[in-house]
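K.L.:
Everything below, folded, please.
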Amino acid sequence: MPDHTVGTREQWQAARQELSKLEAQYAELGQKVTEQRRELPWVPVEKEYRFDTEDGSKTLAELFDGRSQLLAYNIMFGPDYERGACPGCSNLGDELDATRIHLGHRDVTLICFSRAPIDRLISYKERMGWHFPYVSTYGTEFPFDFGLALKPEQAQSIPQVKEMIDNPPPWLADWAKQIGAKLEDGLREGPSFIAFARDNGTVFHTYTVMAPDPFVAPYHSFLLKRTPKGEPEEARAWRKDEYPD
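P.N.:
Residues are numbered from 1 along each chain as shown. Predicted structure coming up:
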């Protein structure tokens, strides 16, 4: 017998109907969140930023690639990471390429940011087989201005971050080995989605969200929530070329 409640089809149907009510409430709340997100004020980006890309230096406006909306994911890959980007962020990166064609036809350009130098991003992108534009914020104030990274003194001033650095759980110590960086350096990167709009030549910052928000998670996590057993407790975020088998 499975280690789970076993019942009749009638019992399943009754329980499913109860769950449907909760799912409907969840969907309604999600719609309200979406509406409120769209009502956030747009803030003009007045500072000039230049980024290193595979096609040379570009401004923030040029990253839109002719569209009016820019959505970027900030992959945790700091200048001090010696073994590559965060495995969890890499999982999400694996799933972004397939969405680009659909977003592009809806006036949205999708890219990724990281703070490591561009040559390391290009090398890692080739290793992972990614195709999205990968942009380096190395040497700019952009990630600090928009909360995508913390300066050392900022990290030390946040109790939760300081606690993780001083007393890391085993999984976090293992994560530090995976990225090849000290925790005090690794945890200064913020896995985040950030959105911008461009209107009449002005670029506006519209939205930022950071993990552990469910939006900042690989799509396979969404799918696992629909499976009977869900995410295994012992599951580890592997880069796709590092699975033991």
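K.L.:
Which element is encountered next along the chain beyond the lengthiest helix in the chain?
P.N.:
Taking DSSP state H as the criterion, the chain has its longest helix at helix 9-38. Using DSSP states H and E, the helix or strand that directly follows helix 9-38 along the chain is strand 43-44.
K.L.:
What helices and strands are in contact with that following strand?
P.N.:
With contacts taken as 3 or more C-beta pairs under 8 Å, 6 or more residues apart in numbering; DSSP states H and E, strand 43-44 sits against strand 202-210. Where you see a C-beta, it was placed from the backbone N, CA and C, and this is true even at glycine.
K.L.:
Average pLDDT for the strand it packs on, rounded please.
P.N.:
In this model, strand 202-210 carries a mean pLDDT of 96.
K.L.:
List the buried residues in the following helix or strand past that strand.
P.N.:
Next helix or strand after strand 202-210 toward the C-terminus (DSSP H and E): helix 219-224. Using 16 or more other C-beta atoms under 10 Å as the test for burial, helix 219-224 gives Ser221.
K.L.:
And the contacts of helix 219-224?
P.N.:
Residues outside helix 219-224 that contact it (C-beta atoms under 8 Å, 6 or more residues apart in numbering) are Asn91, Leu92, Glu95, Pro214, Gly230, Glu231.
K.L.:
ok, so of these, who is nearest Gly30?
P.N.:
Relative to Gly30, the closest of the contacts of helix 219-224 is Pro214; by C-beta to C-beta it sits at 10.0 Å.
K.L.:
which residues of this structure fall in strands?
P.N.:
Counting by DSSP state E, the chain has strands at residues 43-44, 50-53, 56-59, 69-74, 108-114, 134-136, 192-199, 202-210.
K.L.:
could you dump these to JSON lines with distance to Val6 and mean neighbour count?
P.N.:
Listed next are these as JSON lines, based on distance: least, C-beta to C-beta, whole Å; neighbours: other C-beta atoms under 10 Å:
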{"stretch": "strand 43-44", "distance to Val6": "54", "mean neighbour count": "10"}
{"stretch": "strand 50-53", "distance to Val6": "56", "mean neighbour count": "18"}
{"stretch": "strand 56-59", "distance to Val6": "58", "mean neighbour count": "12"}
{"stretch": "strand 69-74", "distance to Val6": "41", "mean neighbour count": "21"}
{"stretch": "strand 108-114", "distance to Val6": "44", "mean neighbour count": "22"}
{"stretch": "strand 134-136", "distance to Val6": "49", "mean neighbour count": "22"}
{"stretch": "strand 192-199", "distance to Val6": "41", "mean neighbour count": "19"}
{"stretch": "strand 202-210", "distance to Val6": "40", "mean neighbour count": "16"}
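K.L.:
Mind checking those for the one nearest to Leu19?
P.N.:
Closest of these to Leu19 is strand 202-210, at 26.8 Å (criterion: C-beta to C-beta).
K.L.:
re the thing from before, most neighbours of all the contacts of helix 219-224, which one?
P.N.:
In terms of neighbour count, Leu92 stands highest of the contacts of helix 219-224 at 22 neighbours, by other C-beta atoms under 10 Å.
K.L.:
My read is that it contacts Tyr73, right?
P.N.:
Yes - in terms of C-beta atoms under 8 Å, Leu92 counts as a neighbour of Tyr73; the distance is 6.7 Å.
K.L.:
low pLDDT regions in the chain?
P.N.:
Within the chain, the stretches with pLDDT under 70 are 1-2, 213-216, 234.
K.L.:
Break it into its domains for me.
P.N.:
Following automatic domain parsing, one gets these domains for the chain: 42-149+189-223, 153-188.
K.L.:
Please identify the deepest-packed of those domains.
P.N.:
Of the domains of the chain, the one with the most neighbours on average (mean count of other C-beta atoms under 10 Å) is domain 42-149+189-223, at a mean of 17.
K.L.:
Tell me who's in contact with Arg50.
P.N.:
Counting by C-beta under 8 Å, 6+ apart, the residues that Arg50 touches are Ser57, Lys58, Thr59, Thr140.
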